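Asks: just coords:
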């Protein structure tokens, strides 16, 4: 982003036009009487005068900024982590889609969503999204990444190459960190972590025998849904960050007059 160039700095030490010293009348007068005094010891005299003035100025202590910072730092950290994971997923998805081969690695490939009904959907009506309260917004994020992390670990176990397994394992570690960060935000706001109902815990088990193409389709949609969730989470936490931003702190200055 380009910035406008600042105007040229003034040239210090130059006499402004119209105030040249040569216009002062020569001969005895205020100018001729002051010059000998200043030249004799002007440095020490001015320093003593300045110290005296500063001593009698009101004392202004540093601003008191004590207090609990609140959930703001945790929300900012979580927002930053979602943006980092978005960047990390772009690299991982490119590698994995090339591993799946065509047509999955083609930029315009947009297949119908088949067999991926168990994945949590990030897409939601805009009005519904705006109406979510903070607790529900955080709960949906936490539950979604709990499921997606489980499926992603299953994807890691079935990856064919060691390099791909390392990339998936690294991403799973980062995603686990995001889950912990969301949990920290919920704790800071006083919300309990969502408890899965019996029998609904996110687990990954190999599904029924798929054709190779349908299995690749499931993998494609897992990455696609993860991408959409990270995009939505960045919006969620940016909205939450702005909502929780404290108003401008009131500044109290204690003035202690000395010598007056």
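Replies: Here it is on my side, so go on. Because the structure is predicted, anything quoted here is derived from the model rather than measured.

Asks: Show me where the stretch 151-260 of the chain dips below the pLDDT cut-off.
Replies: Filtered on pLDDT under 70, the stretch 151-260 of the chain yields the residue ranges 197-210, 246-260.

Asks: one more time with 90, if that's ok
Replies: 154-161, 195-218, 243-260 (pLDDT under 90).

Asks: could you pull out the strands for it?
Replies: Read by DSSP state E, counting those that start in this stretch, the stretch 151-260 of the chain holds no strands at all.

Asks: quick one: the helices in it?
Replies: Shown for the stretch 151-260 of the chain, the helices assigned by DSSP state H, counting those that start in this stretch span residues 162-188, 212-244.

Asks: Any chance of JSON lines for these, columns distance to residue 156 and mean neighbour count?
Replies: C-beta: built from backbone N, CA, C; applies to glycine. Below are the helices of the stretch 151-260 of the chain laid out as JSON lines (distance: least, C-beta to C-beta, whole Å; neighbours: other C-beta atoms under 10 Å):
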{"stretch": "helix 162-188", "distance to residue 156": "4", "mean neighbour count": "16"}
{"stretch": "helix 212-244", "distance to residue 156": "11", "mean neighbour count": "18"}
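
Asks: Tabulate these (TSV), appending distance to residue 124.
Replies: As requested, those are exported to TSV (distance: least, C-beta to C-beta, whole Å):
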stretch	distance to residue 124
helix 162-188	18
helix 212-244	8
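
Asks: what about the ones you listed, which gets the closest to residue 148?
Replies: Across those, residue 148 has its closest neighbour in helix 212-244 (5.4 Å, C-beta to C-beta).

Asks: angle of the closest one against helix 162-188?
Replies: Here helix 212-244 runs at 30 degrees with respect to helix 162-188, directions being taken by axes from the mean of the first three to the mean of the last three C-alpha atoms, to 10 degrees.

Asks: by contact count, what packs against helix 212-244?
Replies: Helix 212-244 sits against helix 72-100, helix 134-158, helix 162-188, with contacts defined as 3 or more C-beta pairs under 8 Å, 6 or more residues apart in numbering; DSSP states H and E.

Asks: And the shortest one, what's buried?
Replies: By that I understand helix 134-158. For helix 134-158, burial by neighbour count (16 or more other C-beta atoms under 10 Å) applies to 134, 137-149, 151-156.

Asks: What are the contacting residues of stretch 141-155?
Replies: Under the criterion C-beta atoms under 8 Å, 6 or more residues apart in numbering, residues 118-120, 122, 168, 171-172, 175-176, 178-179, 182-183, 186, 193-194, 196, 202-206, 219, 222, 225-226, 229, 233, 236 lie in contact with stretch 141-155.
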